[in-house]
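Visitor: Mind looking at a prediction? Sequence and model below.
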Amino acid sequence: MSQLRVLIAGGGTGGHIIPALAVAHELVVRHSADILFVGTPRGMESRLVPDAGFTLRLIDVGPLKNVSWMTRLRTAFDLPRSILACRRLIREFQPGAVFGVGGYASGPGMFAAIQMKIPTLAFEPNAMPGFANRLVGTRVQAAAVNFPAAARWFRNAEVTGIPVRPEFFSIASPPPGPPHRLVFGG
């Protein structure tokens with residue numbers, strides 16, 4: 001039996017890369033999977049993925065949404081090269097599946113996989129999918145979403161929640177005394 005190989009495409013923010021790292025960790029623990037991340041030099045993945053012990057390959061692609069027309073133009077010119085770079089990575093790595101987590105590198109990685117007929121799974125933690133996931137949503141084989149409202153943007157969507165790192169399950173009990181409240185957002 002051959003080893004499971006999964007290419008994880010995307011990143012940019014912690015909302016993309018931290019769940020991706022949790023999935024990668026579980027794939028390694030449960031299936032001894034070989035994981036390759038594809039991201040950009042500007043995203044959080046450039047630091048977090050190597051720190052977690054995974055291999056990261058970088059592509060040049062930037063934003064298309066909520067940026068100046070010059071940035072959009074530059075990204076539009078970078079997109080064909082980034083898709084070709086992802087196609088080369090896929091041929092080299094030969095994944096059994098590509099897992100897109102949103103963010104700049106997710107679009108080219110998922111488009112390359114779709115073109116090459118590699119099984120794809122999109123992950124969407126938000127109620128309104130991000131731009132990359134909206135573009136590939138109807139073309140991926142399946143999607144894992146956090147909110148039921150996001151499911152309508154994808155084929156074969158399943159509400160799964162957000163993957164959580166194993167460290168969250170080993171947090172020590174609080175010391176005795178009055179409770180404290182921590183409020184945070186993303």
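Guide: Received it, and whenever you're ready, just let me know what you need. Numbers count the residues shown, from 1 in each chain.

Visitor: so after the host helix or strand of residue 30, what's the next helix or strand?
Guide: Using DSSP states H and E, residue 30 maps to helix 14-31. Once helix 14-31 ends, the next helix or strand along the chain (criterion: DSSP H and E) is strand 34-39.

Visitor: Would you mind measuring from residue 86 to residue 60?
Guide: Residue 86 sits at a distance of 11 Å from residue 60 (criterion: CB to CB, to the nearest Å). Using the backbone N, CA and C atoms, a C-beta is placed for each residue, glycine as well.

Visitor: Same check on residue 102?
Guide: To residue 60, residue 102 is 18 Å away according to CB to CB.

Visitor: Residue 86 and residue 60: who's more crowded?
Guide: Neighbour count, other CB atoms under 10 Å: between residue 86 and residue 60, residue 86 has more, with 27 against 17.

Visitor: quick one: the more buried one is in a helix?
Guide: Yes - assigned with DSSP: H, G, I helix; E, B strand; the rest coil, residue 86 falls within a helix.

Visitor: List the contacts of residue 150.
Guide: 124, 126-129, 143, 157 (CB atoms under 8 Å, 6 or more residues apart in numbering).

Visitor: On the three-state scheme, it is what?
Guide: Three-state call for residue 150 (three-state DSSP): helix.

Visitor: And for residue 144?
Guide: Applying three-state DSSP: residue 144 is strand.

Visitor: partners of it in the sheet?
Guide: residue 123, residue 158 (DSSP bridges).

Visitor: Which pLDDT value does the model give the residue most central in space within the chain?
Guide: For the chain, the residue nearest the mean C-alpha position is residue 101 (2.1 Å; CA atoms, centre = their mean). We have a pLDDT of 95 for residue 101.

Visitor: Residue 130 now?
Guide: The predicted structure lists residue 130 with a pLDDT of 89.

Visitor: try residue 1
Guide: Residue 1 is assigned 54 on the pLDDT scale.

Visitor: now residue 186
Guide: With respect to pLDDT, residue 186 scores 61.

Visitor: and the helix holding residue 30, C-alpha only, in CSV?
Guide: C-alpha atoms of helix 14-31 as CSV (Å, rounded to 0.1, in the frame of the first residue of the first chain):
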residue,chain,number,x,y,z
GLY,A,14,-3.7,32.4,11.0
GLY,A,15,-7.3,31.6,10.1
HIS,A,16,-6.1,29.7,7.1
ILE,A,17,-2.8,28.2,8.2
ILE,A,18,-3.5,27.2,11.8
PRO,A,19,-6.4,24.8,10.9
ALA,A,20,-4.3,23.6,8.0
LEU,A,21,-1.5,22.7,10.4
ALA,A,22,-4.0,20.9,12.7
VAL,A,23,-5.2,18.8,9.7
ALA,A,24,-1.6,18.1,8.6
HIS,A,25,-0.8,16.9,12.1
GLU,A,26,-3.8,14.6,12.2
LEU,A,27,-3.0,13.2,8.8
VAL,A,28,0.5,12.4,9.9
VAL,A,29,-0.6,10.9,13.3
ARG,A,30,-3.4,8.8,11.9
HIS,A,31,-2.1,7.9,8.4
